[in-house]
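# this one's structure only:
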């Protein structure tokens, strides 16, 4: 008698990525995609409806970030497993995801076979990290990341502050950021002041240079 397939909820704000993941999982036995979500709110609703075994989750999404979704999933359904699938391999993202309750972290350039192995591993109760991610995580655990490294400074920010930082660095106004995140311009300004204080930065130019330095944006 064959084992029941792993029930997966796919969460990514790009439809083409969700379609690709559905194809990757459908190309092998042992998986069934029970739902697809493009936002954090949709993800939580579908998680409640379908009770998936594993949530395959991107970190960068509009509205609720993947980190916020992870925390909410772990709080509401402790037995549900969360596997982050992200383009970001910087220390701050990996550490924040693990601290938030993610059971694994793989990069979007991973091979299909490795992604399926990662899903099986976290479903079985183990952790799974792409080699590059595991190396960075190990260095951070060993304390090899300098105390005032840019990644450590970025780790001081909340997920929302990181989103505001990204949007400010790409040239959006407070009103435009508010529209993207579904919050008020006054709230955006509050987050902006807070993150600048935490990072000891004083201007948009300094914020932009910092975002480039930590890899949030590219030149």
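Nice, thanks for sending it over. Bear in mind that the values here come from a model prediction, so they are computed numbers and not experimental data.
# okay, CA-based contacts and neighbour counts for the rest of this
Will do.
# quickly list the domain ranges of this protein.
The chain resolves into domains spanning 6-141, 150-213 when parsed by automatic domain parsing.
# got those domains as JSON lines, with mean neighbour count columns?
Putting the domains of the chain into JSON lines (neighbours: other Cα atoms under 10 Å) gives the following:
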{"stretch": "domain 6-141", "mean neighbour count": "19"}
{"stretch": "domain 150-213", "mean neighbour count": "17"}
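# with mean pLDDT as extra columns, can I get these in CSV?
As requested, the domains of the chain are exported to CSV (pLDDT from 0 to 100):
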stretch, mean pLDDT
domain 6-141, 89
domain 150-213, 87
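# ok, and the closest non-adjacent residue to the residue nearest the centre of the chain?
For the chain, residue 59 is the residue whose C-alpha lies nearest the centre (Cα atoms, centre = their mean; 1.9 Å). With sequence-adjacent residues excluded and distances taken as Cα to Cα, 6 or more residues apart in numbering, residue 59 is closest to residue 66, at 3.8 Å.
# distance between the longest helix along the chain and the chain's centre?
As far as residue count goes, and with DSSP state H defining each element, the longest helix of the chain is helix 185-199. How far helix 185-199 lies from its chain's middle: 21 Å, per Cα atoms, centre = their mean, to the nearest Å.
# strands of this protein, start to end?
Shown for the chain, the strands assigned by DSSP state E span residues 6-11, 31-37, 54-57, 81-86, 104-107, 128-129.
# JSON lines for these, including distance to residue 166?
Below are these laid out as JSON lines (distance: least, Cα to Cα, whole Å):
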{"stretch": "strand 6-11", "distance to residue 166": "21"}
{"stretch": "strand 31-37", "distance to residue 166": "23"}
{"stretch": "strand 54-57", "distance to residue 166": "20"}
{"stretch": "strand 81-86", "distance to residue 166": "16"}
{"stretch": "strand 104-107", "distance to residue 166": "20"}
{"stretch": "strand 128-129", "distance to residue 166": "25"}
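# just so I know, which of those lies nearest residue 172?
Ranking the strands of the chain by distance to residue 172, with Cα to Cα as the measure, places strand 81-86 first at 23.4 Å.
# show me the contact partners of stretch 199-207.
Defining contact as Cα atoms under 8 Å, 6 or more residues apart in numbering, one finds that stretch 199-207 is touched by 153, 154, 165, 168, 169, 196.
# closest to residue 43 among those?
Nearest to residue 43, judged by Cα to Cα, of the contacts of stretch 199-207 is residue 165 at 24.1 Å.
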